[in-house]
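Asker: Need a 3D model of the sequence below.
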Amino acid sequence: MRRKLFCEISPFCYRISEKKEQLKRWIRDLADGDDFAALHDTKPLTYLWKGHTSPMLRELHGVDMQLQYNKITNLKLSGEKIHGLIIKPGQTFSFWRTTGPCTKSRGYIDGLVIRGTSFAADTGGGICQLANLIHYMVLHSPLTVTELHHHSDALFPDSGRRVPFGTGTSVGYNMFDYRFRNDTEGSVQLLIWQEGNMLCGELRGERELKVRYKLTEEDHCYTKEGEVYYRNSKIKRTAYAKDDGTVAESEIILVNHSRVMYDPALIPEKELVL
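Answerer: I've put the predicted structure just below:
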């Protein structure tokens, strides 16, 4: 029989282990000496690098819709902390350093969270959508992603998907952060707000980009390996020169091989490769 880890003994032991890991993160950050962005100014910078919107309410197979409604509150609270953030040259954006923890005392309520390969309701659930939106905009820029935690599994079947599969990120205070560094010569800015059912964002800069970026999903299919189904694809990022449309750069930034966690009967038959 496998010996239990300390964090598995009881919920109290889990909390102790969690606090230990959070403290280790703060110590590492102090030792690394990164300059984290903290200045806010809601006046938009001159140039729009990328704008994006995503629906906050989606009917997900097997998920209580009330958790989706609760997510709107959580996204509003975290989005307000990020709105107007200025990231100067050389500075790093940290999702958790900017938003702070999602606690009931700060107004957060139960939303959908992922624990291992299952789902649960917990305080602050749903704010991964904000990290996803920011990461999607950053992928359309020359900014340098320095910390990213991919969702390793295909959790739900597609429901009105508007971005390539696999381009999201997981966040969990404060051990699993989302971070990027501004290695350009000018400041950039994040603007976040809500319009009705939509979460909206803009990534802006004080200097104009010379290229435009496009993400495409290639070789998409499902495979069955033993008794397990997987979703497969490649995500390509291509940069086109704005002046003449020529390809300035093209690269595969992600290869998906994600275990399907939902009912395989929902997989489109034409996309299954046997």
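Asker: How far does the longest helix along the chain sit from its chain's centre?
Answerer: Longest helix in the chain by number of residues, with DSSP state H as the criterion: helix 11-32. Chain-centre distance of helix 11-32: 22 Å, with C-alpha atoms, centre = their mean, to the nearest Å.
Asker: Quick check, residue 149 in contact with residue 169.
Answerer: Yes. Contact between residue 149 and residue 169 holds when scored by C-beta atoms under 8 Å: they sit 5.8 Å apart. No exception for glycine: its C-beta is placed from N, CA and C like everyone else's.
Asker: What is the subsequent helix or strand relative to the longest helix of the chain?
Answerer: strand 47-55 (DSSP states H and E).
Asker: Tell me which strands that following strand pairs with, and in which orientation.
Answerer: Strand pairing for strand 47-55, determined by DSSP bridges: strand 198-205 (antiparallel).
Asker: buried stuff in whichever helix or strand comes after the partner strand?
Answerer: Heading C-terminal from strand 198-205, the first helix or strand you meet, by DSSP H and E, is strand 211-225. For strand 211-225, a neighbour-count test (16 or more other C-beta atoms under 10 Å) marks 211, 213, 215, 217, 222 as buried.
Asker: Checking the residue minimising distance to the centre of the chain next. Helix, strand or coil?
Answerer: For the chain, residue 132 is the residue whose C-alpha lies nearest the centre (C-alpha atoms, centre = their mean; 2.8 Å). At residue 132 the chain is in helix, as set by DSSP: H, G, I helix; E, B strand; the rest coil.
Asker: just checking, it touches residue 54?
Answerer: Yes. Counting by C-beta under 8 Å, residue 54 is a contact partner of residue 132 at 7.3 Å.
Asker: Now residue 185: phi and psi?
Answerer: When quoted as degrees, to the nearest 10, the phi and psi of residue 185 stand at phi -90, psi 0.
Asker: Also the one 5 residues further on?
Answerer: Dihedral angles of residue 190 (phi, psi; degrees, to the nearest 10) stand at phi -110, psi 130.
Asker: Pull the number of nearby residues for it.
Answerer: 23 (other C-beta atoms under 10 Å).
Asker: how close does the spatially closest residue to it that is not a sequence neighbour get to residue 78?
Answerer: Spatial nearest neighbour of residue 190, excluding adjacent residues (C-beta to C-beta, 6 or more residues apart in numbering): residue 85 at 4.9 Å. Note on residue 85: its distance to residue 78, by C-beta to C-beta, to the nearest Å, is 12 Å.
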